[in-house]
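Q: Predicted structure and sequence below. I'll ask about it afterward.
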Amino acid sequence: KWMQAVHEITQGQLIAIDGKTLRGSYQRGNRQSTIHMVNAFACKNKLVLGQVKTSEKSNEITAIPELIKLLDIEGALVSIDAMGCQVSIAEHIVEQGGDYLFTLKSNQGNLHKAVETAFSETRKAPLGGLSFEQKHGRIEARVYHVLSAKEFTEEFSQWPQLQTLGMSMSFRQQKGKAPELMYRYHISSAELT
């Protein structure tokens, strides 16, 4: 009953899927024995909904669909980092009634370049809407921008129900380190603001 109540609260919320290597999980002399896990985390409830063990870090791509099959993701937004940014994973999410939010990196070369180009004018514009965060000994400022993906749906038609392109810009200042300015690009099947 408790899990059912948690599920109802989670409906329509963010589920973050991420892989982690467990520290100290290898046997001495055999680093190949290290344990790699893929977890689904309900962000609002701060609860792990499920996890799958993989044989290697590189097997996250095959473990993510297994994990998605175990979950009821209808109405939820499922976020996955660049390693899981795969058309087949997007298809699994959409088939189960969820929406995806993927981070792009060079593993999606043409799509990454196209989204980066789409935000080229935005990157030149004055900053507004910054949010600040101070924790773990660092100060971080972030700003987010979104664009409709309508002009990309023909060129990148393999991505199911592609609706939104996103860019997040973060500036990080950490004591004793040089300041960092990072741009990250995203795609989503949800219409995001």
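A: Alright, I've got the coordinates.

Q: per-residue confidence at the residue nearest the centre of the chain?
A: The residue lying closest to the centre of the chain (C-alpha atoms, centre = their mean) is residue 80, at 3.0 Å. What the model reports for residue 80 is a pLDDT of 94.

Q: try residue 178
A: 87.

Q: Can you get me a residue count around it?
A: Using other C-beta atoms under 10 Å, the number of residues around residue 178 comes to 7. Yep, even glycine has a C-beta here, placed from its N, CA and C like the rest.

Q: Does it belong to a helix, a strand or coil?
A: The assignment at residue 178 comes out as coil when based on DSSP: H, G, I helix; E, B strand; the rest coil.

Q: what's the span of stretch 38-50, first residue to last?
A: For stretch 38-50, the first-to-last residue distance is 8 Å (C-alpha to C-alpha, to the nearest Å).

Q: Correct me if wrong: the residue nearest to the centre of the chain contacts residue 18.
A: Yes. In this structure, residue 80 is within contact of residue 18 by C-beta atoms under 8 Å, at 7.5 Å.

Q: quick one, strands of this protein?
A: Ranges of strands within the chain are 14-21, 36-42, 47-54, 77-80, 99-104, 131-135, 138-148, 164-174, 180-188, based on DSSP state E.

Q: In the chain, what helix or strand scores lowest on average pLDDT?
A: Lowest on mean pLDDT, DSSP states H and E among the helices and strands of the chain sits helix 2-10, with a mean of 57.

Q: What's the separation between residue 96 and residue 148?
A: Between residue 96 and residue 148 the computed distance is 24 Å (C-beta to C-beta, to the nearest Å).

Q: Next, count neighbours for the residue nearest to residue 67 when sequence neighbours are not counted.
A: Ranked by C-beta to C-beta, 6 or more residues apart in numbering and with sequence neighbours excluded, the top spatial neighbour of residue 67 is residue 52, at 4.7 Å. Close neighbours of residue 52, defined as other C-beta under 10 Å, add up to 22.

Q: Please tell me how far the closest residue in space to residue 182 that isn't next to it in sequence sits from residue 143.
A: Leaving out its chain neighbours, the residue that sits closest to residue 182 by C-beta to C-beta, 6+ apart is residue 170, at 5.2 Å. Separation of residue 170 from residue 143 (C-beta to C-beta): 8 Å.

Q: Any idea what the residue lying closest to residue 43 once chain neighbours are set aside is bridged to?
A: Take residue 43 and drop its neighbours on the chain: the residue closest to it by C-beta to C-beta, 6+ apart is residue 14, 4.4 Å away. Note on residue 14: beta-bridge partners by DSSP bridges are residue 77.
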